[in-house]
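In: Sequence first, then the predicted structure, then my questions.
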Amino acid sequence: MRRRTALIPVVVICALLAGCGSRLTDEQRAALAVPRGGTGTGQGVVAEEDGAAVPGSDGTAAQPGSTDAQQPDGRPNPPGSIAGACQGTGGATDKGVTAGEITVANVSDISGPVPGIFQSAQQATKAFVEYFNATQGTVCGRKLKLVSFDSRTDSGGDQQATSQACEQAFALVGSMSAFDQGGGPAAAGCGIPDLRASTVTAQRQRTPVSFGVASNVVNLVSSAGPDLVKSSFPGAIGNAAYLYLNADASAQNARSMQKAAEARGIKFVYSQAIDITDVNYAPYVAKLKETGAKLVYWMGSAQYAVRLQQAMRQQGFTPEAFITDPSAYDPQYLKQGGAAVDGTVVYTNGALFEENNAQVALYKQWLGRVAPGAAPSYFGMFAWAAARLFVQTAAKIGPQLTRKAMVDAIRGVHDFTAEGMVAPQDVGGKRTSACMTLVRLKGGAWSRLAPASGYSCGTLIDTGAGG
């Protein structure tokens, strides 16, 4: 996140894996990159997920029905369907499309040095396909079919999987890969619509057919973040500190966020990069105490945030707020850090799992059906949102569905919220969301800190860092 409103976890993960992997062991790389909420098994297989479930009277997913993929499903959609009332006999209008079926692909990191790193994105995409086929009818007479690929936490793996998807599917939906630059040329070359949970690398962001539903750009930072911090901790904004892992992306994002915070009136008394191989955080805590820091920002993986907070606890240093990105908003963070991480403040541009949100409830419900025991995650939320946007857009295009028509339509999406599941995202414009929320971990539970409801939306500040 940290691109800004919520994209640091992804960018940092990518940078740490790519920029530092040559000098780290697999164990160290895993510590850097495991996403909060990852519950993957690490199975490194290419699996086909057939989501052609038949609508059931109880709203649950049934086994694939007898509908011929070469024939449209002529049954009307239920009232209120995501796909509207569109029916048709468009036939095989493009690669991956038949009269009765649309094949979509998900390419995410499942295996590699960090097993299951982005499995939650693939699980969420599968959950949405099952949900849609079981309860929402069809997209202009067509059911959805999902094929899943493992990009193996490797640019070559992403390239290979994307090339396969080009031949087997109409579109890429909900994908998440730490080295997503690998598949960019293949996606652009075949023209496959690529509606991702988030784009991680600048190369993939520049790919004309690729769009992140978590739309973020490093140099564009919303004023909402620092403004929320100012209103929540008014007595501490004159004594802030920024610590970050010494890796290209995390350093780039830290500089950008710090510049934006300074532009909104937050004063920093200490800024420090920490080497990934550094195991002694005591000197950094001593400096925090010496400079009188009251706000401590952290940019980097949550495991290292835990290490810093444990060192702070050992030295009896408690700032008014310890602020980090959504990768910490996960049960594993609390499990790993215990009492040392209590009080952590996280900024996010997605709905809170603890609050009542219809789309989050659906995501949790269907995730439990396709992956029992899996925890919902930030990445999964945006993968679900990507799948929803795909269906809505395909239905608007109508029976004559083509890759070009889909890409052109996505370029016109500038205020997407997935029915309130995420803050408004400029998917088509590929610009950072201007809105965010602060949540705080207190007494072992996460709760909203600010604003009182919804999101706080500001203006985008061009920091000139990493753009």
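Out: Received it, and whenever you're ready, just let me know what you need. Numbering: from 1, shown residues only.
In: Name the SS class of Ala83, please.
Out: coil (DSSP: H, G, I helix; E, B strand; the rest coil).
In: wait, what's in contact with the closest residue to it other than its chain neighbours?
Out: Setting aside the residues directly before and after it, Ala83 is nearest to Ala395 in space (C-beta to C-beta, 6 or more residues apart in numbering), at 4.1 Å. The C-beta positions use only the backbone N, C-alpha and C, and glycine is treated the same way. By C-beta atoms under 8 Å, 6 or more residues apart in numbering, the residues touching Ala395 are Ile82, Ala83, Gly84, Cys86, Val139, Cys140.
In: 6 Å instead?
Out: Ala395 sits next to Ala83, Gly84, Cys86, Val139 when contact means C-beta atoms under 6 Å, 6 or more residues apart in numbering.
In: from the chain's centre, how far out does whichever strand or helix holds Met381 sit?
Out: According to DSSP states H and E, Met381 maps onto helix 378-397. The chain centroid and the centroid of helix 378-397 are separated by 13 Å, computed with C-alpha atoms, centre = their mean, to the nearest Å.
In: re earlier: counting neighbours, which of the contacts of Ala395 comes out on top?
Out: Neighbour counts for the contacts of Ala395 peak at Val139, which has 31 neighbours (criterion: other C-beta atoms under 10 Å).
In: Just flag the most distant two among the contacts of Ala395.
Out: Farthest pair in those (C-beta to C-beta) is Gly84 and Val139. Separation: 9.2 Å.
In: Low-confidence ranges, the protein, go.
Out: 1-68, 70, 248-249, 466-467 (pLDDT under 70).
In: how is it carved up into domains?
Out: 34-214+372-410, 220-348+434-462 (automatic domain parsing).
In: Can you lay out those as CSV showing distance to Gly420?
Out: Output for those, formatted as CSV (distance: least, C-beta to C-beta, whole Å):
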stretch, distance to Gly420
domain 34-214+372-410, 10
domain 220-348+434-462, 9
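In: Can you say which of those domains is packed in most?
Out: domain 34-214+372-410 (a mean of 22; mean count of other C-beta atoms under 10 Å).
In: how far is that domain from where the chain is centred?
Out: The answer for domain 34-214+372-410 is 15 Å, by C-alpha atoms, centre = their mean.
In: Then stretch 369-379?
Out: The answer for stretch 369-379 is 14 Å, by C-alpha atoms, centre = their mean.
In: Quick check: end-to-end length of that stretch?
Out: End-to-end distance for stretch 369-379: 18 Å, by C-alpha to C-alpha, to the nearest Å.
In: now what about that stretch, what contacts it?
Out: 37, 39, 118, 120-121, 123, 126-127, 130, 176, 197, 326, 331, 350, 353, 364, 367.
In: still on that earlier bit, ok, the contacts of Ala395 vs Leu295, which is closest?
Out: Proximity to Leu295 was ranked across the contacts of Ala395 by C-beta to C-beta; first place goes to Ala83, at 46.6 Å.
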